[in-house]
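In: Kindly generate the corresponding structure for this input.
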Amino acid sequence: MGIIKRFFVFIYALAVGLLLALVATVAFHLVPESVWVSDLRAAMTDEKFFMGLGVLSLFSLYFILYALLVKPSREDPALEDEVVLVQGKEGHIKVAKDALKNLAEKEAALAYAVRDVRVDVIKSKKGDKAPFALEAGIIMLVGADISAVSKDVSDRIRRQFAKTIGITDVPIEVTINEITNAPVENQKRVV
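Out: I've put the predicted structure just below:
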């Protein structure tokens, strides 16, 4: 939803909230009947009152028609958290990005010399073979072979994804974010 639509929703919600507050004061007899009836009669003689009701009605009509007629597109941010995976004759299976991310991070954390790992799941474009790609940023120990660690992380993730999800050609980009010899503090290793 764009900023202009959000602004209109804010104004609409504010107006409806004020209207409901006025109705509540009348319903709970917080304002004497003679006062609110005379104020309502005075408001009904002013054209600004009817203009405000007209604008509120137009907003209501717009939001109702928008909700009924506009379907969310695939680029809608609400649908960004899902990745569609094709699994043979069963059809499409939707898996949340967080599930893919957690699976990859747990598997990569088991690799030799890996201290910490952060994985991002990126949706692939229509022409790509795999429905998503992975970017793994790792922190590794000093003295370990970078290419061996990178290959081990990629191989482990690919094996786990092939076994769990059935996708064998997941593009994985491994980035070494830090090389350290600092001791591990309160970090749980996945066994």
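In: Please make it C-alpha for all contacts and neighbour counts, starting now.
Out: OK.
In: biggest helix in the protein by residues?
Out: Criterion DSSP state H: the longest helix present in the chain is helix 3-27.
In: can you give me how far that one is from the chain middle?
Out: Relative to its chain's centre, helix 3-27 lies at 27 Å (Cα atoms, centre = their mean, to the nearest Å).
In: what's the answer for stretch 46-53, then?
Out: For stretch 46-53, the distance to the chain centre is 40 Å (Cα atoms, centre = their mean).
In: Sketch out the helices for this protein, chain order is fine.
Out: Under DSSP H, the chain gives helices at 3-27, 33-44, 47-69, 97-109, 146-164.
In: got the domain boundaries for the protein?
Out: The record's domain parsing of the chain by automatic domain parsing lists 3-69, 77-180.
In: what's near enough to touch Asp120?
Out: Neighbouring residues of Asp120 by Cα atoms under 8 Å, 6 or more residues apart in numbering: 101, 134-136.
In: Let's see if you can find the most crowded of these.
Out: The most neighbours of any of these, using other Cα atoms under 10 Å, belong to Ala136, which has 23 neighbours.
In: was I right about that one contacting Arg118?
Out: Yes. Using Cα atoms under 8 Å, Ala136 is in contact with Arg118, at 5.7 Å.
In: How much space separates the residue located most distally from the centre of the chain from Leu40?
Out: Distance from the C-alpha centroid of the chain, by Cα atoms, centre = their mean, peaks at Ser34 (51.1 Å). According to Cα to Cα, to the nearest Å, Ser34 stands 10 Å off from Leu40.
In: Understood, closing this out.
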